[in-house]
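J.: Quick one, what's the 3D model for this:
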Amino acid sequence: MKNTIEQSAATVISADAFYEHWQGHRRLTRRVIEAFPEEQLFKHSVGGMRPFAEMALELIDLAGTGIKGAATGKWENSENLLHFSPAGTPDTKEELLELWDNVTVAMQTYWPQITPQRFQETDKAFGEYEGTIYSTLLYFVDNEIHHRAQGYVYLRSLGIEPPPFWDRN
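T.: Model (predicted):
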């Protein structure tokens with residue numbers, strides 16, 4: 001007797017659940033930004049890594065330009081873009097958090113525009129990274145977790161207890 005596996009399309013997580021999962025990570029990363037003393041946010045480094053503000057700016061650009069690309073298929077080159085900052089690169093924690101919040105608003109606008117079929121489509125994010133839309137979005141979340149973990153190391157090196165990693169409310 002020959003074993004066969006029937007493949008069927010199964011939804012493991014709904015688009016709304018994925019969005020809420022991502023937003024939970026974003027809420028936690030925002031609290032990590034808030035936990036930094038202002039000067040250390042922009043200057044503190046461990047082992048030659050970038051200051052956490054630079055990592056946060058990367059996350060801002062990936063999420064902000066990425067959500068638009070995922071929804072519309074129009075991918076802007078994210079390098080050195082600060083679409084959410086009319087004044088340019090932020091110099092203060094307050095400005096950085098404002099950028100973070102502007103991206104959240106953009107995400108609320110673009111997320112509902114991503115059709116169920118679009119999640120399965122293959123596209124070339126930022127003109128370079130080919131994959132399905134859902135895999136690209138998963139990468140954005142994974143990248144945020146990675147950089148937030150670096151932020152946790154920075155905070156601990158400064159003697160600051162980071163927010164609980166499991167609390168994404």
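J.: Which parts of this protein are helices?
T.: In the chain, the helices defined using DSSP state H lie at 15-35, 38-43, 52-72, 93-110, 116-120, 133-157.
J.: which residues sit against the fourth one?
T.: Contacting residues not belonging to helix 93-110 are listed as 19, 22-23, 26, 29-30, 33-34, 36, 38, 41, 53, 56-57, 60, 63-64, 67-68, 70-72, 82, 84-85, 87, 90 [Cβ atoms under 8 Å, 6 or more residues apart in numbering]. Just so you know, the C-beta spots here come from the backbone N, C-alpha and C atoms, and that holds for glycine as well.
J.: tell me the mean pLDDT for that helix?
T.: Throughout helix 93-110, pLDDT has a mean value of 96.
J.: and if you look at the fifth one?
T.: Model confidence over helix 116-120, given as mean pLDDT, is 95.
J.: How about Phe36, nearest residue that isn't a chain neighbour?
T.: In this structure, Phe36 finds its nearest non-sequential neighbour in Phe52, 6.2 Å apart by Cβ to Cβ, 6 or more residues apart in numbering.
J.: no, scratch that, I was asking about Gly64
T.: Val103 (4.2 Å).
J.: ok, so what distance separates the one you found from Val12?
T.: Separation of Val103 from Val12 (Cβ to Cβ, to the nearest Å): 26 Å.
J.: Between the two, which has more neighbouring residues?
T.: Val103 (22 against 7; other Cβ atoms under 10 Å).
J.: re the thing from before, next, count neighbours for the residue nearest to Phe36.
T.: Neighbours of Phe52 (other Cβ under 10 Å): 29.
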